[in-house]
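[1] Provided below are the primary sequence and the corresponding predicted coordinates.
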Amino acid sequence: MTSLPKTTDASLGLVIDLDTCVGCHACVVSCKEWNTGAYGAPLADADPYGADPVGSFLNRIHSFEITPETGPAQVVHFPKSCLHCADAPCVTVCPTGASYKRQEDGIVLVNEADCIGCGLCAWACPYGAREMDPVEKVMKKCTLCVDRIYNDNIPEEDRLPSCVRTCPAGARHFGDLSDPDSDVSRLVADRGGLDLMPELGTAPVNKYLPPRPKDRAGAPAPLPAETTEGADGFFGWLDRTLDRL
Amino acid sequence: MHPAPSIIVFTTLSGLGFGLMVWLGVAPPTKTPWVMAFFACLAMGLASAGLMSSLLHLGHPERAWKALSQWRSSWLSREGVAAVVTLAVFAAYAGLWVLTGARSPALGALAAALALVTILCTAMIYTQLRTVPRWHDPLTPLVFLAYALAGGALLNGAMDALPWLLAALAGLQAAAWARGDGAFARAGSTAETATGLGAMGRVRLLEPPHTGRNYLLTEMVYKVGRKHARKLRIIAFTLAIALPLILTLAVSVGHALAGLLVLSHLTGTLIARWLFFAEAEHVVGLYYGAHRDSLAG
C-alpha cells in the first residue's frame, strides 16, 4: 500500500557537509558501480559510447556559485540524491504500490516487479531524485544501499551507503536522524542543518550542512612604490654612481 | 513538462468520451434505442481509445492492471478504478436501454455522476503535484471538467446548454492561463530555497552534474512550448471555444456543421492540452539553472 507510515521506528538518512565536499564526483561513480551490480535491475546507460549517451544515476553533483551582497563569490559543490522524505510525495502518487516507505527505517524504495514505469513519482519529486531506467523502464532511486547497511556478508566497516564509504573528504555522513543523540543528529544541531525546498512540505530526512563562514582577508596592502630613497652601502654607492653617469 | 502525445490524446479523448457519457446519462439526445446505441459506442469508444493511449506511455503496460490497487492514496489509481467502473455502469445503462427499449434514469444519473468523478480524477493527477505550480491550482480540475462537459454537449447536440458551457470554458481557460503564468513565482521556490543557501547570497548554477542530457531534463525541463505559446493559445481558444460559440449563437447548427464544430473543438482542445504540458514548469529545473526568466518577471 502506498500510504505513508504514520511514524517510522528509525529515520535513516544522509547528512551532507557542503563545507567539506570538494566536488570530485567519487560518490557518483561508486553509487553507479554498486547499484549496477546489486539491488534490483542494473543501473543502465543507453548509447554509452555513442553520440548521445544518457544513463540513470541515483546521485548527481551540481556546482553552484553563491554571490553575497558584498565580497567575492563562492563555489559550493552540491551532491543530490533521494532525501527519503517523511512526507514523501513520490510514494502516495504511485498507482501500483511499487513505491513505499519502510516503517522500520524510513527508507523509500521501489519494488521493481510492481513498477509500471508511468513516471508520476518522478514528477511528484521536487528534487529530481528518481530517474527512469533507460533499459529496464522501471523507476530507479537511491536505496540508501539497503543491501549494504544490513549485509552480514561484507566487512563491518563497509556496511555504509556506498557514497558515504567512498567520499575521500568525509563530506557524507550516514545515521539515524530520528535519534537526537546520533552523530548525524548532533552534526545537524551543531552546524544548522538545512532542508531543501522546505516550502513544499516534504519533510526531508537528509540534511545539508551549509558552508562555514569563510575568513575574509582585509583590503590588500598597497604595493611598495619603486624608489631608491634611503639606499646605503654598496647599493647606495651604485645608485649614486649610476645617477651621475 | 514533456508533452507526451500519448498523454495528450489520453486526457483529450477520454475527457470528451466521459463528458459525452454525462450528457447521455442525464439528457440523451434521442429516445430511439438504436440511435442511443450509436452515441453510447461513440462515448465508450472515445473513452477507451484515450485509456488505451495512456497505456502507450508506460514502461511496462503489461502490468497496468496493478494500477487499480492503490485507490486509497493515489489519484492515478483512482482514475483507473473510476474509469473502469464508469465504463461498466454506462455499458449496463446503454445496454439495458437498447435491449429492453426502456431507459433507466436512475442508472443514467449514476453513470453520469461516475463519469464526472472520472474526469475529476484525471485532472487531480496533475492538480495534486506541488512540484508543478502551474497545475497545482483549483482552476485545473475546473478547466478539465469544462472541456469535457462542453465537448460532451457538442457531441450530444445539447445546443441550449452549449453556449453557456463554452462561455464558462472561455472564462476558466483564460483565467487558468493568466494565473498559470505567475504561478511559479508565487509558489516561491527558487534556486536559493532549492539549495538552502539563500542566506549566503544569490545562487546560480555554475556547472551542471554532467555534460549530456538526462531523464529529468527531457521529462521535466522541457522548453519548446514557450516560443509560440501566445499564438498557440489564440489558435486553441479560437478552434476549441470561440468558433463553436459564435456559430451556435449565429446560425442553426445542422449535422454537417456540428461535425465540423466537433473537429474544430477537438483540434483546439488537443492544442490547449499540448500547451498544458509544454508550458508547465517543474521545480526540479531550479537545480539545472532553469526558470531564472520567470522569476525575474
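    Good, I have the coordinates. Residues are numbered from 1 along each chain as shown, chains lettered A, B, ... in the order given.

[2] ok, now which ones touch the residue of chain B found nearest chain A?
    Here chain B gets closest to chain A at one residue, B:Gly59, 2.0 Å apart by C-beta to the nearest C-beta. (C-beta placed from N, C-alpha, C; glycine too.) With C-beta atoms under 8 Å, 6 or more residues apart in numbering or on different chains as the criterion, the residues that contact B:Gly59 are A:Cys115, A:Ile116, A:Gly117, A:Cys118, A:Gly119, A:Met132, A:Glu136, A:Lys137, A:Val138.

[3] low pLDDT regions in the stretch 51-200 of chain B?
    Counting by pLDDT under 70, not a single residue of the stretch 51-200 of chain B qualifies.

[4] So the residue of chain B closest to chain A: helix, strand or coil?
    Using DSSP: H, G, I helix; E, B strand; the rest coil, the structure places B:Gly59 in coil.

[5] circling back to that earlier point, which ones among the contacts of B:Gly59 map onto strands?
    The strands in this structure, assigned by DSSP state E, contain A:Met132 from the contacts of B:Gly59.

[6] Can you tell me the closest non-neighbouring residue to the residue nearest in space to the middle of chain A?
    When chain A is reduced to its mean C-alpha position, the closest residue under C-alpha atoms, centre = their mean turns out to be A:Pro79, at 2.4 Å. Using C-beta to C-beta, 6 or more residues apart in numbering or on different chains and skipping the chain neighbours, the partner closest in space to A:Pro79 is A:Ile61 (5.0 Å).

[7] for B:Leu205, same thing?
    The spatial neighbour of B:Leu205 that comes closest, neighbours along the chain excluded (C-beta to C-beta, 6+ apart), is B:Gly289 at 3.6 Å.

[8] which residues does that neighbour contact?
    When contacts are counted by C-beta under 8 Å, 6+ apart, B:Gly289 touches B:Ala191, B:Arg204, B:Leu205, B:Pro208.

[9] State the phi and psi torsions of the second one.
    For B:Arg204, the backbone dihedrals are phi -140, psi 140 (criterion: degrees, to the nearest 10).

[10] Just the local confidence number for it, please.
    Confidence per residue is given as pLDDT, and for B:Arg204 that number is 94.

[11] follow-up on the earlier one: take the contacts of B:Gly289 and lay them out in TSV including distance to B:Pro138, secondary structure and neighbour count.
    Putting the contacts of B:Gly289 into TSV (distance: C-beta to C-beta, whole Å; DSSP: H, G, I helix; E, B strand; the rest coil; neighbours: other C-beta atoms under 10 Å in any protein chain shown) gives the following:
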residue	distance to B:Pro138	secondary structure	neighbour count
B:Ala191	28	helix	23
B:Arg204	34	strand	13
B:Leu205	33	strand	19
B:Pro208	35	coil	16
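
[12] List the beta-bridge partners for A:Tyr100.
    Beta-bridge pairing of A:Tyr100 under DSSP bridges involves A:Leu109.

[13] so it touches A:Asn111, yeah?
    Yes: under the contact definition of C-beta atoms under 8 Å, A:Tyr100 touches A:Asn111, with a separation of 7.0 Å.

[14] Which single residue of chain A ends up nearest chain B?
    Sorted by distance to chain B under C-beta to the nearest C-beta, the residues of chain A start with A:Gly117, at 2.0 Å.

[15] just to revisit the earlier point, for the residue nearest to the centre of chain A, helix, strand, or coil?
    A:Pro79 is classified as strand under three-state DSSP.

[16] So it sits against A:Ile16, correct?
    Yes: using C-beta under 8 Å, A:Pro79 is in contact with A:Ile16, at 5.5 Å.

[17] got any residues that touch both of those two?
    Looking at what touches both A:Pro79 and A:Ile16 (by C-beta under 8 Å, 6+ apart), the common residues are A:Ala171, A:Arg172.

[18] Report the contact partners of residue 102.
    Since no chain was named, I'll use chain A. Contacts were defined as C-beta under 8 Å, 6+ apart; by that measure A:Arg102 touches A:Pro5, A:Thr8, A:Val108, A:Leu109.

[19] please go with chain B instead
    The neighbours of B:Ala102, taking C-beta under 8 Å, 6+ apart as the test, are B:Leu96.

[20] show me the contacts for A:Arg159.
    When contacts are counted by C-beta under 8 Å, 6+ apart, A:Arg159 touches A:Arg148, A:Ile149, A:Tyr150, A:Asn151.

[21] What segments of the chain are strands?
    As the question left the chain open, I've gone with chain A. For chain A, the strands defined by DSSP E cover A:12-17, A:45-46, A:54-55, A:59-67, A:74-81, A:99-101, A:108-110, A:131-132, A:139-140, A:172-176, A:207-209.

[22] wrong one, chain B
    For chain B, applying DSSP E gives strands covering B:202-207.

[23] Around chain A, pick out the residues from the stretch 101-250 of chain B.
    If contact is defined as C-beta under 8 Å from any C-beta of the partner chain, the residues of the stretch 101-250 of chain B in contact with chain A are B:125, B:128-132, B:187-189, B:191, B:193-197, B:199-210, B:212-216, B:219-220.
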